[in-house]
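Peer 1: Sequence plus predicted model, see below.
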Amino acid sequence: MMRTSSRTVAALCTVAALAALLTALGSETFLGLVPCALCLLERWPYRIAIGLGVIAFFLPGRARLLFLWLIVLTILAAAALAFIHVGVEQGYWPSPLPECAAPHITGGTIAERLASMPARPSKPCDDPTYLIPGLPISMAAMNLLFALAFAALLAIYLLRGADRRR
């Protein structure tokens, strides 16, 4: 059985986190999907994981392993945010962010109302976005599954003796 070095795993973690971010940005840019406030918040752990992965790649053995464990924790934070988002989408609890509510434009003349509207409309967090037509799994749920798999695979790798694979 071929052993994978922890340096290679650090590079793979960086690529996986980058792929998650590019998927979100691509769905916005090319498919015209509008992210909600929770969607935007869910991207931060992946940005952090990219930085940790790049640093881990250049560190020596034991220090690299520490950074790989930090990536596990960071991606678990991504899973926690996605879990909260899925719960909001399903109506299990209200969103913790005030920005998640649909915008309320009140008062004044029509001109004042139009002037107070955002240039780009926001999306309520309880309105699920589906990336794949016909597949009833929202992007937040896909993020949750991806983050759990990412963190689990990396943790399994580390627990199985990554310290012997420099």
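Peer 2: That came through, no problem. Residues are numbered from 1 along each chain as shown.

Peer 1: Would you state the strands of the protein in chain order?
Peer 2: Residue ranges of strands cannot be listed for the chain, since DSSP state E assigns none.

Peer 1: what stretches of the protein score poorly on pLDDT?
Peer 2: By pLDDT under 70, the low-scoring segments of the chain are 1-2, 101-108, 110-122, 162-166.

Peer 1: could you pull out the helices for it?
Peer 2: According to DSSP state H, the chain carries its helices in the segments 6-29, 37-42, 44-58, 61-90, 110-116, 139-159.

Peer 1: possible to save the ones you listed as a markdown table with mean neighbour count and distance to residue 98?
Peer 2: (Each C-beta comes from the backbone N, C-alpha and C, glycine too.) Listed next are the helices of the chain as a markdown table, based on neighbours: other C-beta atoms under 10 Å; distance: least, C-beta to C-beta, whole Å:
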| stretch | mean neighbour count | distance to residue 98 |
| --- | --- | --- |
| helix 6-29 | 17 | 22 |
| helix 37-42 | 21 | 8 |
| helix 44-58 | 20 | 18 |
| helix 61-90 | 19 | 13 |
| helix 110-116 | 10 | 17 |
| helix 139-159 | 18 | 18 |
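
Peer 1: Quick one: residues contacting residue 74.
Peer 2: 45, 48, 49, 52 (C-beta atoms under 8 Å, 6 or more residues apart in numbering).

Peer 1: which of these lies closest to residue 123?
Peer 2: For the contacts of residue 74, the closest approach to residue 123 (C-beta to C-beta) belongs to residue 45, at 20.4 Å.

Peer 1: most remote residue from this protein's center?
Peer 2: Most distant residue from the mean C-alpha position of the chain: residue 109, 40.1 Å away (C-alpha atoms, centre = their mean).

Peer 1: Can you give me the distance of residue 50 to residue 29?
Peer 2: Applying C-beta to C-beta, to the nearest Å, the value for residue 50 to residue 29 is 19 Å.

Peer 1: Apologies, that question was intended for residue 160.
Peer 2: Distance check for residue 160 against residue 29: by C-beta to C-beta, it reads 39 Å.

Peer 1: do the same with residue 141
Peer 2: The spacing between residue 141 and residue 29, counted by C-beta to C-beta, is 22 Å.

Peer 1: what's the answer for residue 137, then?
Peer 2: Applying C-beta to C-beta, the value for residue 137 to residue 29 is 21 Å.

Peer 1: do residue 123 as well
Peer 2: Residue 123 sits 16 Å away from residue 29 when distances are taken as C-beta to C-beta.
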